[in-house]
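okay, sequence plus prediction incoming.
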Amino acid sequence: MEKRVRVLVAKPGLDGHDRGAKVVARALRDAGFEVIYTGLRQTPEQIAEAALQEDVNVIALSLLSGAHNHLFPRIVELIRSKGMTDVLMIGGGVIPDSDIPTLKAAGIAEVFTPGTSTVSIIDYINANVK
Amino acid sequence: MNNESLKLKVAEYTAKVEKASAKFPERKNIEYNRLYTPLDLEGMDYERDLGLPGSYPFTRGVQPTMYRGRFWTMRMYAGFSTAEESNKRYRYLLSSGSTGLSCAFDLPTQIGYDSDDAISEGEVGKVGVAIDSLADMEILFDQIDLGKVSTSMTINAPASVLLAMYIAVAEKNGISPDKLNGTIQNDILKEYAARGTYIFPPKPSMRLITNIFEYCSKNVPNWNTISISGYHIREAGSTAAQEIAFTIADGIAYCEAAIKAGLNVDDFAGRLSFFWNAHNNVLEEVAKFRASRRVWAKVMKERFGATNPKSWMLRVHTQTAGSMLTAQQPENNIVRVALQTAAAVMGGTQSLHTNSKDEALALPTEDSVRVALRTQQIVAYESGLADVVDPLAGSYYVEAMTNEIEADAWKYIQKIDDIGGAVVAIEEGYIQREIQDSAYKWQKEVENNDRVIVGVNKFQIEEKPVEGLLRVDASVGELQKKKLADLRAKRDNAAVKAALAKLEVACGDEEINLMPVIMEAVKTYATLGEICGVMRKVFGEYQAHATL
């Protein structure tokens, strides 16, 4: 039997808005993924450590506070430095279009903005997970 | 027409339109009928269930004349970057006809960290203004007459500290605390359940809240000591009935804590205020506002035995639903906000913030904030909606829906009572799970096209990139760090140390009211992070259990 895809849904920073993260986590679980949700206020170090411990294939970051330009690249860096080079990293939240190229250049594979259907996130993961 | 013949006619009508009787595609959570008639209001008693505006059970409003006396307070929630930048925005809003201030603080401030704390990196000045000490607070309210303006502060876990700073700024300007008007949100229970900016565990948090109730009843009598908030519960995904039920259950918990601490219900209840969401379904929202007043009046009179009519009144601030704004075709948000404004006004709010069209993308620009404020002014002055008190009373539909939402709310309140009250219901995750279930259901309905969101799952266009969004300068963090370093070099550090030591002792003694001790500390220019650090040390921190 094929191993199920493991996804870490994480809330970096101090932002308390987790409606989106929880809805996405639940949709991914319903779609057959193994989902681990970190809860709020995770530092980049905690997220990287959780990803390593849980041996995940995907990290889905959710942030609505505007601190994405600072936090997302920091998390990618830590993940890569721990040798998790295959992990697919995606992000979502209130993120202006103009920030997306910078985040992608930093290693976030895709950014999902408000109004995204959970189906498109599921499809994206299925198409891109290694 | 008597009821028997009406029943026959309604049955005939129903049979005739049976073909069109499919459920409303967008009304899955509460199934309203197609048509309402006097049959739906059988057993209703005008005096008992509605009464006159300004009298029990306040279904028709808390003031006798409502907007014929004066309009609601037009209070725009604002704050970003530094105290200097936010002060400019506040003075702009006041000069544009805003009638009250509403402060948004950044996340480090809301969670009791200084701007130079490592954990604050990247968050300083982002979702609100950064306040590290009394020095920032003095700049924030520079040239604003605190004796005249009323100020609402969205601050919860460290509410005592920010309130102390506000009082200290006023005193410096020669305004005594008894002249101050405003509100602190100070509602920790919904932070655990829906908003996330908690610091301490429930027990010391409830103590801080009751300390504030007691302190203000004696020293700041016109201050609203809490804004018990359904807004964020709704934003997190709840239904209308859940919004008011969970919030009123929180209100019950605060009253019980205060009474347990030895306060008399009528000494604090008149200063409790509420915060509702104005969501998309206009008439359901109007019914929700009306039902909430009736439920709270009964709770206060019957459950807590309050005798002062002011204790029975649910006074409410409202914000239009941020989660209903779309990033797609953002101009459409202006229309959504106008309808939500209409709902809040017909529902009888005391105060209102209207969101700006660009808020699904970023913090609003000055231009989009102006349109949002103008929306309130157009509803107030041009629409006629504010001309008559509780204009929808007597509508078969609105009255039936008011009854239905009230009945649903009581069911939830009963359930929470059975669990052991709101604190236990939150600790056990019951309230969070209910909210999450509703949020997930909503998302599924949107994705299955059972619920249409214009521009998102229907009537889409090729989106153009939005220009001219507000960007918070990344240098804010550095600026605040420098201000803090200067402050720490200049202030009387021995006085700071002494005040913090005194606070630590006081935190450990439940008999002591912490407000005067915190007042002393802020006046030495002890920082927010230092003060909350002492409280963290004594009280510990809340550990949330993430549930899915």
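Arrived safely.

show me what residue of chain A gets nearest to chain B.
Chain A approaches chain B most closely through residue A:16 (1.9 Å), counting by CB to the nearest CB. Heads up, the C-betas are built off the backbone N, CA and C, glycines and all.

name the single longest helix found in chain A.
helix A:68-81 (DSSP state H).

ok, is the helix or strand residue B:538 falls within in contact with chain A or not?
Per DSSP states H and E, residue B:538 falls inside helix B:528-539. No. Helix B:528-539 lies apart from chain A when judged by CB under 8 Å from any CB of the partner chain; the minimum separation is 13.0 Å.

residue B:537 and residue B:505 touch, don't they?
No. The pair residue B:537 / residue B:505 is not scored as a contact, 11.8 Å apart, by CB atoms under 8 Å.

skipping adjacent residues, who's closest to residue B:512 in space?
Computed as CB to CB, 6 or more residues apart in numbering or on different chains, the closest residue to residue B:512 that is not its neighbour in sequence is residue B:506, at 4.5 Å.

backbone torsions only: list them for residue 57.
Since no chain was named, I'll use chain A. phi -100, psi -30 (degrees, to the nearest 10).

that one against residue A:87, yeah?
Yes. Counting by CB under 8 Å, residue A:57 does reach residue A:87; the two are 6.4 Å apart.

if we can go back for a sec, doesn't residue B:196 make contact with the residue of chain A closest to chain B?
Yes. The pair residue A:16 / residue B:196 is scored as a contact, 1.9 Å apart, by CB under 8 Å.

need the residue closest to the centroid of the chain.
Answering for chain A, as no chain was given. residue A:60 (1.3 Å; CA atoms, centre = their mean).

meant chain B actually
Central residue of chain B (CA atoms, centre = their mean): residue B:275, at 3.4 Å.

what separation do you get for it and chain A?
16 Å (CB to the nearest CB, to the nearest Å).

that residue: which element?
strand B:272-278.

report all helices and strands that whatever helix or strand comes next after that strand contacts.
Moving toward the C-terminus from strand B:272-278, the next helix or strand (DSSP H and E) is helix B:282-298. If contacts are counted by 3 or more CB pairs under 8 Å, 6 or more residues apart in numbering or on different chains; DSSP states H and E, helix B:282-298 sits against helix B:240-260, strand B:272-278, helix B:332-347, helix B:396-419.

what about 6 Å?
The contact analysis (3 or more CB pairs under 6 Å, 6 or more residues apart in numbering or on different chains; DSSP states H and E) places helix B:282-298 against helix B:240-260, helix B:332-347, helix B:396-419.

want to throw these into JSON lines with mean neighbour count, mean pLDDT and distance to residue B:161?
Below are those laid out as JSON lines (neighbours: other CB atoms under 10 Å in any protein chain shown; pLDDT from 0 to 100; distance: least, CB to CB, whole Å):
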{"stretch": "helix B:240-260", "mean neighbour count": "24", "mean pLDDT": "98", "distance to residue B:161": "19"}
{"stretch": "helix B:332-347", "mean neighbour count": "22", "mean pLDDT": "98", "distance to residue B:161": "31"}
{"stretch": "helix B:396-419", "mean neighbour count": "19", "mean pLDDT": "98", "distance to residue B:161": "30"}
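
tally up the residues packed near residue B:469, please.
Counted with other CB atoms under 10 Å in any protein chain shown, residues neighbouring residue B:469 total 16.

could you report the neighbour count for the closest residue to chain A within chain B?
The nearest approach of chain B to chain A comes at residue B:196, 1.9 Å away (CB to the nearest CB). Neighbour count for residue B:196, taken as other CB under 10 Å: 24.

would you mind measuring from it to residue B:495?
Remark: distance between residue B:196 and residue B:495 (CB to CB, to the nearest Å) = 34 Å.

for residue A:114, same thing?
With CB to CB as the criterion, residue A:114 and residue B:495 are 48 Å apart.

what about the two, which has more around it?
More crowded of residue A:114 and residue B:495, by other CB under 10 Å: residue A:114, with 18 against 15.

check contacts around that one.
B:327, B:360 (CB atoms under 6 Å, 6 or more residues apart in numbering or on different chains).

so it is in which element?
Counting by DSSP H and E, residue A:114 is part of no helix or strand.

same check, this time on residue A:90
Counting by DSSP H and E, residue A:90 is part of strand A:88-93.

tell me the helices and strands packed up against that strand.
strand A:58-63, strand A:110-112.

the last one pairs with which strands?
Read that as strand A:110-112. Strand pairing for strand A:110-112, determined by DSSP bridges: strand A:88-93 (parallel).

swap in the longest one?
Each strand that strand A:58-63 pairs with, and the sense of that pairing, follows from DSSP bridges: strand A:6-10 (parallel), strand A:88-93 (parallel).

which residues touch that strand?
With CB under 6 Å, 6+ apart, strand A:58-63 has contacts from A:7-13, A:15, A:20-21, A:51, A:87-93, A:125, A:129.

strands of chain B, residue ranges please.
Listed in chain order, the strands of chain B (DSSP state E) span B:73-78, B:100-103, B:150-153, B:181-184, B:223-224, B:226-229, B:272-278, B:316-320, B:351-353.

what pLDDT, on average, does the third one get?
What that stands for is strand B:150-153. For strand B:150-153, the mean pLDDT works out to 96.

please apply the same query to the fifth one.
Average pLDDT, strand B:223-224: 96.

reformat the strands of chain B as TSV; add distance to residue A:103.
Below are those laid out as TSV (distance: least, CB to CB, whole Å):
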stretch	distance to residue A:103
strand B:73-78	28
strand B:100-103	30
strand B:150-153	33
strand B:181-184	36
strand B:223-224	41
strand B:226-229	32
strand B:272-278	31
strand B:316-320	30
strand B:351-353	31
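
out of those, which comes closest to residue B:4?
strand B:272-278 (39.9 Å; CB to CB).

now that closest one and strand B:316-320, what's the angle there?
Orientation check (axes from the mean of the first three to the mean of the last three CA atoms, to 10 degrees): strand B:272-278 against strand B:316-320 gives 20 degrees.

quick check: residues of chain A near chain B?
Chain A comes close to chain B at residues A:13-14, A:16, A:19, A:22-23, A:25-26, A:37, A:39-40, A:65-67, A:70-71, A:96-97, A:113-115, A:117, as judged by CB under 6 Å from any CB of the partner chain.

can you list which of these are found in strands?
residue A:37.

number of nearby residues for residue 89?
Since no chain was named, I'll use chain A. 23.

wrong one, I was asking about chain B
19.

cool, residue B:83 as well?
Based on other CB under 10 Å, the number of other residues close to residue B:83 is 23.
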